[in-house]
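Engineer: Pasting a predicted model and its sequence here:
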Amino acid sequence: MCHSCVCKIGPSMLASDLSCLKDEALKVVAAGADYLHLDVMDGHFVPNITWGAPVIKSLRQHTTAFFDCHMMVSEPEKWVDDIKDAGGDQFTFHLESTSNPEALIAQIRAAGMKVGVAIKPGTPAESVLPLVPLVDMVLVMTVEPGFGGQSFMADMMPKVTFLREKFPALDIEVDGGLGPATIDAAAKAGANMIVAGSSVFRAANPADAILLMRHSVERLGNGKADADLTRRQ
Ligand SMILES: O=C(CO)[C@H](O)[C@H](O)COP(=O)(O)O
Ligand SMILES: [Fe+2]
């Protein structure tokens, strides 16, 4: 974890060896991860299933790392209390998964978690504008949600640029296909929270992979956003 860095790197545990999730989490925290990105998939909103609150609760017994829960689920409102109870620090829902985002945001806040709103590749950046004052972070997906190890969609970068120009201090996260070959594009566009799964867990040295991405954002980034990932519970 880097206390003086504006950029935050969150390894996606989806790419870890799930048979030893605890060890994998501790490994990347020791390698300099600023937070852990936990992909919750329900087999309905996306065609894949990962884990839910019980697994997150188990992992919480072993680390005080900030848990950014990426909720790829239908009916996210039904998940809020369980994710909070499991030790989730941030609840990042998909705009496409709810008809009443304002009510969901209020529910997440009342539960005591930070709020992120995610948009799939086909969803325009303009659609989150009314929600920006209400949330802590916008996640611009750079792959179709559902699977790790996909190729980075560089054509999503105009969305990041658009949001960064409008909101210099907004936390903007990118997720999917980020690694040494793609980080500069995301950094230049203005992303300050970087999710990286395969590139960290498959690296010969995860600490080097994290450092390389951190340096790219510190060098090329242009925003004033500085995500506060202090745990509140
Ligand atoms: O939300 C996700 C997939 O829906 C994952 O967070 C994402 O795919 C990260 O994995 P990788 O860095 O391997 O692409
Ligand atoms: Fe994710």
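Structural biologist: Sure, I can see it. Numbers count the residues shown, from 1 in each chain. Ligands and ions are numbered 1, 2, ... in the order given.

Engineer: Please give me every residue in contact with the spatially closest residue to Pro168 that is not a sequence neighbour.
Structural biologist: By the measure of C-beta to C-beta, 6 or more residues apart in numbering, the closest residue to Pro168 outside its immediate chain neighbours is Lys224, 4.8 Å from it. Bear in mind the C-beta positions are built from the backbone N, C-alpha and C, glycine included. With contact set as C-beta atoms under 8 Å, 6 or more residues apart in numbering, Lys224 has these partners: Val6, Pro168, Ala169.

Engineer: same thing but at 10 Å, please
Structural biologist: Val6, Arg164, Phe167, Pro168, Ala169, Leu170, Asn192 (C-beta atoms under 10 Å, 6 or more residues apart in numbering).

Engineer: Distance of the third one relative to ligand 2?
Structural biologist: With distances taken as C-beta to the ion, to the nearest Å, Phe167 is found 21 Å from ligand 2.

Engineer: and what of the fifth one?
Structural biologist: Noted for Ala169: a distance of 23 Å to ligand 2, by C-beta to the ion.

Engineer: ok, which residues in the chain are in contact with ligand 2?
Structural biologist: Within the chain, the positions near ligand 2 by C-beta under 5 Å from the ion are Asp39, His70, Asp175.

Engineer: Restricted to strands, list those.
Structural biologist: Using DSSP state E, the subset of those located in strands is Asp39, His70, Asp175.

Engineer: Would you check that the last one makes contact with Thr92?
Structural biologist: Read that as Asp175. Yes - counting by C-beta atoms under 10 Å, Asp175 touches Thr92, with 9.1 Å between them.

Engineer: list residues touching both of these two?
Structural biologist: Shared contacts of Asp175 and Thr92, defined by C-beta under 10 Å, 6+ apart, comprise His37, Asp39, Asp68, His70, Ala118, Leu139.

Engineer: just checking: which of these also lie near ligand 1?
Structural biologist: His37, Asp39, His70 (C-beta under 6 Å from any ligand atom).

Engineer: Next, count neighbours for Cys20.
Structural biologist: 11 (other C-beta atoms under 10 Å).

Engineer: Shouldn't it be within a helix?
Structural biologist: Yes - according to DSSP: H, G, I helix; E, B strand; the rest coil, Cys20 belongs to a helix.

Engineer: just checking, it touches Met13?
Structural biologist: No - using C-beta under 10 Å, Cys20 is not in contact with Met13; the gap is 11.2 Å.

Engineer: and the closest residue to ligand 2 within the chain, what pLDDT?
Structural biologist: At 3.7 Å from ligand 2, His70 is the closest residue in the chain, using C-beta to the ion. His70 is assigned 99 on the pLDDT scale.

Engineer: Quick check: bridge partners of it?
Structural biologist: Asp39, Thr92 (DSSP bridges).
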